[in-house]
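> From the sequence below, what's the structure:
(2 chains)
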Amino acid sequence: MALKQVSPTDEFIKGLWRDNPVFIQVLGMCPALAVSNTAINALAMGLATTFVLLMAGLSVSLLRNFIPREARIVSFICIIATFVTCVDYAIMAISIELHRALGAFIALIVVNCLILGRSEAFASKHNPGRALLDGLGMGVGFTVALFFIGVLREILGSGTLFGVDMFPDGFQTWTVMVLPSGGFFAMAMWLLVVNWIRQRQADAEKPGHDRAREVAS
Amino acid sequence: MNAPVPTEQKRTSAWSMYRAIVGIGAFCALLIVTVYGATAERIADNKARFLSNAVAEVLPAARSTVEVTRDADGTLVAATKPANLPVFLGYGEQGELAGAVITAEGMGYADNVRVLYAYSFERQAIVGFKVLESKETPGLGDKVEIEPHFLANFEALDARLNENGTALANAIVTVKQGQKTEPWQVDGITGATITSDAIGAILNQGSSAWLPALERDARGFQPTQSRQE
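This is a model prediction of the structure:
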């Protein structure tokens, strides 16, 4: 049976919505929940992860014929850890303050299952161009999802967005939203919205949907 | 019923695995060393600038600083190389001693908390405070960096020495929020008890270690190296 050809655009777009790593695949929850207490932290972590996804995907794809199957996991982790170390140095070179804000979570990008998952499931089986598109799509999807969680948590938990006050004096902030448990609440709220939209889309695509609606009305 | 036929997989040679792992290891090591080499100077500059800004923030009267350390006899001398926990003497515009800035660290709730604080020789008190490194819980432990009533402790936290000048006259301690009655007590934060207690302990430890030597030697200290402007 011939495999369906996926266009390069689809390769990129799938990470944004259909296979979004956070809201659909529910991968990379450690940084998604831990570092998304402010919008800027979420954005910085998303961009750092995107860079690692891109570079790890490219390297794994280029070396895919060189890495034996039995040694693939240790090789992928070694490559991912290298790019995470590079990102760590780069962030320190850009801003010590930003590095302070992201704390230990930069190093934890190594164990983000999203990156290992894409290296194993996609980059090791496709050419570098496709691997880059997949990494970029997944990275952007991850960053956008983290940003949405971060915005919700910062507005409700601190009453600010990018440090700018959003509410008049006297607004009682929901401190729980900037705590680790707030990550779960924010994630649950967004999952509810995303699943509701997907359900509507699925219903609309069902054959006979229009007919059923006509009968109901 | 047909039994499943075992599929024979081609075995990878040890040489292929050795070549792949060593090759990738060498590639990764080279990349890390290259990036480290390219960023090391910038990172060192950023760290120095961050520390310098922090020193200026906690002791705004200082126009220049000299890093100091203690020799084998405990006498204050100019540091020849940067210390892990640096201590500075700050000098004003006329070259007068404006105060000392001490770095200290201790265990918080999640990890080590590193702080920088200023000591005024004139007032014998801690007059400035900043958290340099902390991984405390967002929204709880990290309140020690932003909570106004907590930071107000360090406008004049009593740190005078005993009559002999060998130790603090009163240990610096953190008390529960709203129960501060003495000038050497740190008014804690409800909801950040462990971190605010840790800050009191860190200040007590850093001051006990450094203030006797600073009070004894700093006024007559002659820096042998140029001051950092």
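> now stretch A:31-45, how far from the centre of its chain.
Counting by Cα atoms, centre = their mean, to the nearest Å, stretch A:31-45 is centred 11 Å from the centre of its parent chain.
> Now A:Pro91, what are its backbone angles?
Quick fix: residue A:91 is Ile, not Pro. Main-chain dihedrals, A:Ile91, degrees, to the nearest 10: phi -70, psi -40.
> How about the contacts made by the closest residue in space to it that isn't next to it in sequence?
Nearest residue to A:Ile91 in three dimensions, chain neighbours excluded: A:His99, at 4.9 Å (Cβ to Cβ, 6 or more residues apart in numbering or on different chains). C-beta here means a position set from N, CA and C on the backbone, and glycine is covered the same way. Neighbouring residues of A:His99 by Cβ atoms under 8 Å, 6 or more residues apart in numbering or on different chains: A:88, A:91-92, A:106.
> The residue positioned nearest the centre of chain B: what secondary structure?
Note on chain B: the residue nearest the mean C-alpha position is B:Arg114, at 3.3 Å, using Cα atoms, centre = their mean. Here B:Arg114 is recorded as strand under DSSP: H, G, I helix; E, B strand; the rest coil.
> Run through the neighbouring helices and strands of the longest helix that chain B contains.
When chain B is parsed with DSSP state H, its longest helix is helix B:14-58. Packing partners of helix B:14-58 (3 or more Cβ pairs under 8 Å, 6 or more residues apart in numbering or on different chains; DSSP states H and E): helix A:72-94, helix A:96-102, strand B:112-120, strand B:125-133.
> For it, the averaged confidence score.
Averaging pLDDT along helix B:14-58 yields 93.
> on that earlier part again, so for B:Ala38, which of the helices and strands packed on helix B:14-58 sits nearest?
Minimum separation from B:Ala38 across those (Cβ to Cβ) falls at helix A:72-94, 8.2 Å.
> residues in contact with the closest one?
A:44, A:48, A:51-52, A:55-56, A:59-60, A:63, A:67, A:98-99, A:102, A:106-107, A:109-110, A:115-116, A:119-120, A:124, B:20-21, B:24-25, B:28, B:31-32, B:35-36, B:39, B:42-43, B:46-47.
> Out of the residues you listed, which end up buried?
Those of the contacts of helix A:72-94 that meet the buried threshold are A:44, A:48, A:51-52, A:55-56, A:59-60, A:63, A:67, A:99, A:102, A:106, A:109-110, A:115-116, A:119, A:124, B:20-21, B:24, B:28, B:31-32, B:35, B:39, B:43, B:46, by 16 or more other Cβ atoms under 10 Å in any protein chain shown.
> returning to that earlier point: what angle sits between the longest helix of chain B and strand B:125-133?
160 degrees (axes from the mean of the first three to the mean of the last three Cα atoms, to 10 degrees).
> from the middle of its chain, how far away would helix B:14-58 be?
22 Å.
> Point out the other helices and strands that the helix or strand that that helix is followed by packs with.
Using DSSP states H and E, the helix or strand that follows helix B:14-58 in sequence is strand B:64-70. Applying 3+ Cβ pairs under 8 Å, 6+ apart, one finds that strand B:64-70 makes contact with strand B:76-78, strand B:87-91.
> Restricting to C-alpha, output stretch B:110-119 in PDB.
Extracted as PDB, the C-alpha positions of stretch B:110-119 are listed here (Å, rounded to 0.1, in the frame of the first residue of the first chain):
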ATOM      1  CA  ALA B 110      14.400  24.500  47.200                       C
ATOM      2  CA  ASP B 111      18.100  25.100  46.900                       C
ATOM      3  CA  ASN B 112      20.900  27.500  48.000                       C
ATOM      4  CA  VAL B 113      19.900  31.100  48.200                       C
ATOM      5  CA  ARG B 114      22.700  33.600  47.500                       C
ATOM      6  CA  VAL B 115      22.300  37.200  48.700                       C
ATOM      7  CA  LEU B 116      24.300  40.400  48.600                       C
ATOM      8  CA  TYR B 117      23.900  43.000  51.400                       C
ATOM      9  CA  ALA B 118      25.500  46.200  52.400                       C
ATOM     10  CA  TYR B 119      26.900  47.100  55.800                       C
END
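> Is there proximity between the top helix by length along chain A and chain B?
Ranked by number of residues, the top helix in chain A under DSSP H is helix A:128-158. Yes - with Cβ under 8 Å from any Cβ of the partner chain as the criterion, chain B is reached by helix A:128-158 at A:Gly157.
> Any part of the helix or strand just after that helix near chain B?
Under the assignment DSSP H and E, the closest C-terminal helix or strand after helix A:128-158 is strand A:160-161. No - Strand A:160-161 lies out of reach of chain B by Cβ under 8 Å from any Cβ, never closer than 12.0 Å.
> Beyond strand A:160-161, next helix or strand please.
Assigned by DSSP H and E, the successor of strand A:160-161 is strand A:164-165.
> Parallel or antiparallel, list what pairs with that next one.
Applying DSSP bridges to the sheet, strand A:164-165 is found paired with strand A:160-161 (antiparallel).
> Mind listing residues that contact the partner strand?
For strand A:160-161, the surrounding residues in contact (Cβ under 8 Å, 6+ apart) are A:39, A:151, A:154-155, A:166.
> same check, this time on stretch B:30-46
Against stretch B:30-46 from outside (Cβ under 8 Å, 6+ apart): A:82-83, A:85-86, A:89-90, A:92-93, A:95-96.
> Quick one, which of those are buried?
A:82-83, A:85-86, A:89-90, A:92-93, A:96.
> State the helix or strand in which A:Ala202 lies.
Counting by DSSP H and E, A:Ala202 is part of helix A:180-205.
> same for that helix, what does it pack against?
helix A:29-34, helix A:128-158.
> quick one: it to helix A:128-158, angle?
Using the same axes, to 10 degrees, helix A:180-205 lies at 120 degrees relative to helix A:128-158.
> The closest residue to B:Val131 other than its chain neighbours: neighbour count?
Of all residues beyond its chain neighbours, the one nearest B:Val131 is B:Glu145 (4.7 Å), with distances taken as Cβ to Cβ, 6+ apart. The tally of other residues near B:Glu145 (other Cβ atoms under 10 Å in any protein chain shown) stands at 16.
> what does the one helix or strand in chain B whose mean pLDDT sits lowest contact?
Here the helix or strand of chain B ranked lowest by mean pLDDT, DSSP states H and E is strand B:76-78, holding a mean of 89. The contact list for strand B:76-78 (Cβ under 8 Å, 6+ apart) reads B:66-71, B:213-214, B:216-218, B:221, B:223-225.
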